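**Q** Next come a sequence and a model predicted from it.
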Amino acid sequence: MEAEGTVLCTGPEGVCQALPDPCLLQERVLTKLLETEEKYLPDRRTFPSIQREIQPHMRSRLAGWMLEVCEEEDCEKEVFPLAVNYLDRFLSAVPLEKSRLQLLGSACLFLASKLRETLPLSVETVCAYTAHSSRPEELRAMELLLLNKLQWDIAAPTALEFVERLIGAMSLTRVKEQVVRKHTETFIVLCTIDYKFVSYPPSVIGAASLAAAVTGLHLGQPGLYLTHWELTDCLARSIRCDPECLRACQQQVEIALQTRINQAQRDTLPQPTKSEELERSRTPTDIQDVRL
């Protein structure tokens, strides 16, 4: 029986959420996650062995749309990577027409929100984000097909689950831990969207994203935790991974971030006029690159 004044759950706007359970951060839980993650990895030969109409860039574009829906609806952070896991596992098993790709992504979001959200997305809400190109009965039918092809095994571990168990061992202050976690989650989102990271298990993506976040924030100096090199070695031991493999993934994560930043900067620059383009074409490349 609940005692008066006892807080059993918490959450924004009165939404019930379980309080953090310290038992879930124990070593045995991490060990179990490492034992099971391989079971939920998609087939790396999806393109073009299985999917003939769908290309990797289409999958990445769909993942970007799924992220926008999650952000717009303020979904739990685990919903997006879990939904993309469903997407990749389905695509690695079933040939799909590209006209049904958004419907599949919608079903993945719908299903992941049911597993991770206290108040899951409704059929009507998900269909609205497709500009009603997907009807409710189509979404429900695709959800059932998705569950069937995944053999109703939908509790896949995500990179975020590994991060929660790795970051606690870093002895960061509460403020620094929050900053590191936020940056790490950003890296994980980039990895989830970019198809080339599908070859890495979630433990490696989580550890590489965490290492990249600490490196980028310059928190690896002696006296704070470990040097960047030692941190990568420590994380590799924690997830039972070859340190060089983890460093390779971390490097790709950092490159993906820089690519995204460069793309965003190009998108914000005003388009040159024809006369400016002509003048630029007459200017030697080495002169253009001089910074005064």
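**A** Looks like it arrived, so ask away. Residues are numbered from 1 along each chain as shown.
**Q** Low-confidence stretches in the stretch 101-250 of the chain?
**A** Within the stretch 101-250 of the chain, the ranges that satisfy pLDDT under 70 run 218-226.
**Q** Let me see the ranges of the helices in it.
**A** Along the stretch 101-250 of the chain, the stretches classed as helices by DSSP state H, counting those that start in this stretch are 101-116, 123-129, 136-149, 159-167, 174-193, 202-216, 228-238, 243-268.
**Q** Out of those, which gets nearest to residue 53?
**A** Counting by CB to CB, residue 53 lies closest to helix 101-116 out of these; the figure is 8.6 Å. To be clear about C-beta, it is placed using only N, CA and C from the backbone, and glycine gets the same treatment.
**Q** Quick check: which helices or strands does the closest one pack against?
**A** Where contact means 3 or more CB pairs under 8 Å, 6 or more residues apart in numbering; DSSP states H and E, helix 101-116 is packed against helix 56-72, helix 79-91, helix 123-129, helix 136-149.
**Q** Let's have these in CSV, adding mean neighbour count and distance to residue 45.
**A** Shown next, in CSV, are the helices and strands packed on helix 101-116 (neighbours: other CB atoms under 10 Å; distance: least, CB to CB, whole Å):
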stretch, mean neighbour count, distance to residue 45
helix 56-72, 17, 12
helix 79-91, 25, 11
helix 123-129, 17, 30
helix 136-149, 15, 17
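**Q** closest one to residue 46 among those helices?
**A** Closest of the helices and strands packed on helix 101-116 to residue 46 is helix 79-91, at 5.2 Å (criterion: CB to CB).
**Q** the inter-axis angle of the closest one versus helix 56-72?
**A** Orientation of helix 79-91 against helix 56-72 (axes from the mean of the first three to the mean of the last three CA atoms, to 10 degrees) gives an angle of 150 degrees.
**Q** could I get the helices of the stretch 101-250 of the chain as CSV with distance to residue 46?
**A** Formatted as CSV, the helices of the stretch 101-250 of the chain follow (distance: least, CB to CB, whole Å):
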stretch, distance to residue 46
helix 101-116, 13
helix 123-129, 24
helix 136-149, 13
helix 159-167, 19
helix 174-193, 15
helix 202-216, 17
helix 228-238, 27
helix 243-268, 19
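**Q** Out of those, which is the most enclosed?
**A** helix 202-216 (a mean of 26; mean count of other CB atoms under 10 Å).
**Q** What is that one packed up against?
**A** Using 3+ CB pairs under 8 Å, 6+ apart, helix 202-216 sits against helix 159-167, helix 174-193, helix 228-238, helix 243-268.
**Q** for the helices and strands packed on helix 101-116, which one sits closest to residue 253?
**A** Nearest of those (CB to CB): helix 79-91, 14.3 Å.
**Q** Spatially, what comes nearest to residue 159 if we skip its sequence neighbours?
**A** Closest residue to residue 159 apart from its sequence neighbours, by CB to CB, 6 or more residues apart in numbering: residue 206 at 3.6 Å.
**Q** ok, residue 144 - contacts?
**A** Residues near residue 144 by CB atoms under 8 Å, 6 or more residues apart in numbering: none.
**Q** returning to what we had before: spell out which residues sit in contact with the residue nearest to residue 159, please.
**A** 159, 160, 161, 162, 163, 166, 184, 188, 239.
**Q** and it, how far is that from residue 81?
**A** To residue 81, residue 206 is 10 Å away according to CB to CB, to the nearest Å.
**Q** now swap in residue 136 and tell me
**A** For residue 136, the distance to residue 81 - CB to CB - is 26 Å.
**Q** cool, and residue 74?
**A** For residue 74, the distance to residue 81 - CB to CB - is 16 Å.
**Q** Go ahead and confirm residue 163 touches residue 209.
**A** Yes. Between residue 163 and residue 209 there is a contact under CB atoms under 8 Å: 7.0 Å.
**Q** Find the residues that touch each one of the two.
**A** In contact with both residue 163 and residue 209: 184, 185, 188, using CB under 8 Å, 6+ apart.
**Q** Pipe those residues into TSV and attach distance to residue 254 per row.
**A** Listed next are the shared contacts of residue 163 and residue 209 as TSV, based on distance: CB to CB, whole Å:
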residue	distance to residue 254
184	13
185	16
188	13
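**Q** ok, back up a step: what is the nearest of the contacts of residue 206 to residue 153?
**A** Taking CB to CB as the measure, residue 153 lies nearest residue 161 of the contacts of residue 206, at 16.1 Å.
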